[in-house]
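Trainee: Sequence isn't available, so here's the structure alone:
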């Protein structure tokens with residue numbers, strides 16, 4: 001029996017290039033050939049796909065005209081999507097939280113005192129929440 005394989009996580013954004021740049025820089029990804037920023041002229045406001053070093057799709061950013069940022073932990077505006085990113089230890093957790101904030105993320109929840117699974121819930125620049133946590137494989 002075969003199963004579907006995750007191709008990429010699709011994220012809606014009003015600023016497609018801005019959000020793609022956040023995830024490109026935060027995760028060390030690159031643009032799919034043809035999706036790189038244009039040298040001049042208007043930018044494509046459709047889909048932009050980010051791939052890893054092997055060329056595997058990781059994240060796609062899709063243009064929408066309007067997007068209400070998630071209000072987590074309230075369900076007034078649901079999370080809409082969610083990504084979990086693991087790191088090896090608490091030191092790396094702090095380094096990556098700081099990097100995320102420098103790139104435009106905001107901390108929504110701090111659970112770093114939890115010895116079993118320290119984590120931060122952050123929101124990307126478009127308001128999508130994601131977790132950064134210390135976890136095993």
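Mentor: Arrived safely, thanks for sending. All values derive from a computational prediction rather than experimental measurement.
Trainee: tell me the pLDDT at residue 117?
Mentor: Reading off the confidence values, residue 117 has pLDDT 89.
Trainee: again, but for the one 4 residues further on
Mentor: Reported pLDDT at residue 121 in the predicted model: 92.
Trainee: Next up, the contacts around the closest residue to it other than its chain neighbours.
Mentor: Setting aside the residues directly before and after it, residue 121 is nearest to residue 109 in space (Cβ to Cβ, 6 or more residues apart in numbering), at 3.9 Å. The way it works is simple: take the backbone N, C-alpha and C, and place the C-beta from them, glycine included. By Cβ atoms under 8 Å, 6 or more residues apart in numbering, the contact list for residue 109 reads 73, 120, 121.
Trainee: any chance you could read off phi and psi for residue 108?
Mentor: Main-chain torsions, residue 108, degrees, to the nearest 10: phi -100, psi -30.
Trainee: Next, count neighbours for it.
Mentor: 17 (other Cβ atoms under 10 Å).
Trainee: Surely it and residue 124 touch.
Mentor: No - in this structure, residue 108 is not within contact of residue 124 by Cβ atoms under 8 Å, at 10.6 Å.
Trainee: Could you list the low-confidence segments of this protein?
Mentor: In the predicted model of the chain, residues 2, 39-45, 136-137 satisfy pLDDT under 70.
Trainee: buried sites along stretch 49-69?
Mentor: 49, 50, 51, 57, 58, 59, 60, 61, 63, 67 (16 or more other Cβ atoms under 10 Å).
Trainee: Can you classify the fifth one by secondary structure?
Mentor: For residue 58, the secondary structure call by DSSP: H, G, I helix; E, B strand; the rest coil comes out as strand.
Trainee: For the residue nearest the centre of the chain, which non-adjacent residue is closest in space?
Mentor: Nearest to the geometric centre of the chain sits residue 23, at 5.2 Å (Cα atoms, centre = their mean). Closest residue to residue 23 apart from its sequence neighbours, by Cβ to Cβ, 6+ apart: residue 59 at 5.2 Å.
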